[in-house]
Each structure stands twice: as C-alpha cells, then as structure tokens.
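Asks: Attaching a predicted model along with its sequence, questions to come.
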Amino acid sequence: MADRTLRGSRIGATSLQGETGVELSPRHGVEYLTEKGARFAVLFDADAEPPAEWFDQKTGELGFLDDEAGRTARTELEEKVASARTPWDMLAERRSIEELEELLEERLKLLRARRGSKK
C-alpha cells in the first residue's frame, strides 16, 4: 500500500502546497550607489529601515544609500580609512628622528660586529 501512494513522487524535492492564496508581505526597493557610480537595488520589508551601506552581490562592491544617511556613512568610512596609522606613524609618535638615527647606528654596529664587517 505504501509503495503505491509514493509512486511517481519525489519526496522532499518539491512542495505539494500551491502558491494560491499566499499573500507576500509588502516590500520596497532601495537603491545603493557604489564608488564607481553603479547602482543596484535591494528589496526590504516595508517596515524595515534599510542600512546606510550594503554590499552588491554581483560585484562585491560596497554601496551607500543616495541620501543623507548614505553620505554620512560614506564620510565615516573614508575618515576611518584615512586615519589608519602605519607602523611608521606609531614609531614617530614615540621617538624623534634623531633618536631613531642613533638607534639605527647602534643596531648596525651590533650587526656588523656579529658578521665581522669593519665598516
């Protein structure tokens, strides 16, 4: 009996429930703008507040809303990238150039002594 009822059916592959009578929640599309000027749209629920930045699924680029929130997020990202300190910046905060030159000469003398150089 069980063999006859399952014959011709792929279990788990397809849903037996139809789409008739199904009402989707209201949605709205939001456009994002990338650095290269490309626009892409993302659908959100009507009640959801869209984030100021979103990654494009096709290109992987970061896009920002084309409004005040998007411009604010873009400037914050640019400030964060611009304010990234390099190792040289951190070293220059702790020592002056004269101190660094003196330390360099000391270390070079030690290395030359180990190698047996006469410079």
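Replies: Ah, there it is.
Asks: Which strands and helices lie in contact with the helix or strand encompassing E101?
Replies: Using DSSP states H and E, E101 sits in helix 97-115. Helix 97-115 sits against no helix or strand, with contacts defined as 3 or more CB pairs under 8 Å, 6 or more residues apart in numbering; DSSP states H and E. All C-beta atoms are positioned from the backbone trio N, CA, C, and that covers glycine.
Asks: Show me what the mean pLDDT comes to for that helix.
Replies: Mean per-residue pLDDT for helix 97-115: 93.
Asks: Of all the residues in that helix, which ones are buried?
Replies: Residues of helix 97-115 include none that count as buried (16 or more other CB atoms under 10 Å).
Asks: Also stretch 56-69?
Replies: G63, F64, L65.
Asks: same deal with stretch 81-93?
Replies: Neighbour counts over stretch 81-93 (16+ other CB under 10 Å) mark no residue as buried.
Asks: Identify the residues contacting that stretch?
Replies: With contacts defined as CB atoms under 8 Å, 6 or more residues apart in numbering, stretch 81-93 is touched by L100.
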